[in-house]
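# next input, structure requested:
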Amino acid sequence: ALVFSRPECLFLALLLSELGQATTRLCASISPAVKWGESVQLLPVELLEPWAEMTWEVTLDSGETYGIVTFNKGEPPDHGSSPHFINRVTFHPENLSLQIDPVKKSDSGLYTLIIDTGGGRENRTKFRVSVFDRVRQPNIMVLSAHAELGQCNVTLSCSVPGADRVTYGWSRGTSWIPSDWDHQLHGHQSLLHVVINANSSDVFYRCNARNRASWATNTVDVKLLCDSPARSRQYCYSSPGLMVAKAEIFRRE
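As a prediction, this is how the structure comes out:
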């Protein structure tokens, strides 16, 4: 596990796997990429003493701002009346952490823990939470494949239906299985035009689709398409949709 001692550079990627339930805490010593269940917990790095009152609030990416919970020592937490988090938020008074279960894409936003230390002073810890669709294995569409003068010209298209904020890249290798020896192609386009010779060996082209929190690949044998152009077809794969949550903690003020 990677350990970050500086809170301003700590981040967490959470894969929500549909299998079981678990909690991922965001704190000073945790792996930055953890596969868990359906819960995310925002945990302050350290607790300041003394303090009089604390508040969790959020500004969602949709522009809405909510006070999630307010807590005064010796009193029950006040969860307010926010409809957005109804029955999905748990506040833990022992460490002032905020737990969201289950997390949704609409929960993306900037979460702030405000601690009133008295005398008009406040301490703020900010958590940037981004929730993504997990990238499924991309579809490769063969748009054209034809041989000419001892060479084969192929045009490929790569896409991940329904995914948002996805970028694409391509690589080529000598087998169906990805290798450290694969050659990364320049550019980040969903379309790729290639020309291969009859004696080419690195004819396996891989589409790499990714967003900020996950990635997936698919591979096509271009030489096979050139040898039998009639076999040109769409290479596709389907898998259950998962969610990915990514949280970043910024500086303390």
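# give me phi/psi at residue 161?
Summarising the backbone geometry of residue 161 under the convention degrees, to the nearest 10, its torsions are phi -60, psi 130.
# pretty sure it sits against residue 135.
No: with contact defined as Cβ atoms under 8 Å, residue 161 does not reach residue 135; the gap is 11.2 Å. Every C-beta, even on glycine, is put in place using the N, C-alpha and C of the backbone.
# looking at these two, which is more packed in?
Using other Cβ atoms under 10 Å, the more surrounded residue of residue 161 and residue 135 is residue 135, with 23 against 9.
# so that one belongs to a helix, correct?
No: assessed with DSSP: H, G, I helix; E, B strand; the rest coil, residue 135 is coil; it does not lie in a helix.
# so who does it touch?
Shown here is residue 135, whose contacts under the criterion Cβ atoms under 8 Å, 6 or more residues apart in numbering are 160, 163, 166, 209-211, 214-216.
# which of those lies closest to residue 64?
Of all the contacts of residue 135, the one with the least separation from residue 64 (Cβ to Cβ) is residue 211, at 23.3 Å.
# out of the contacts of residue 135, list just those in strands.
209-210, 215-216 (DSSP state E).
# a markdown table for those, including distance to residue 128?
Putting the ones in strands among the contacts of residue 135 into a markdown table (distance: Cβ to Cβ, whole Å) gives the following:
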| residue | distance to residue 128 |
| --- | --- |
| 209 | 23 |
| 210 | 19 |
| 215 | 20 |
| 216 | 24 |
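# if you rank these by neighbours, which is first?
For these, counting by other Cβ under 10 Å, the largest number of neighbours falls to residue 209: 23 neighbours.
# so what's that residue up against?
135, 138, 158, 160, 163, 166-168, 215-217.
# just the buried ones out of the residues you listed, please.
Of the members of the contacts of residue 209, the ones counted as buried by neighbours, 16 or more other Cβ atoms under 10 Å, are 135, 138, 158, 160, 163, 166, 168, 216-217.
# check these and tell me the two furthest apart.
Every pair in those was compared (Cβ to Cβ); the two farthest apart turn out to be 163 and 217, at 13.8 Å.
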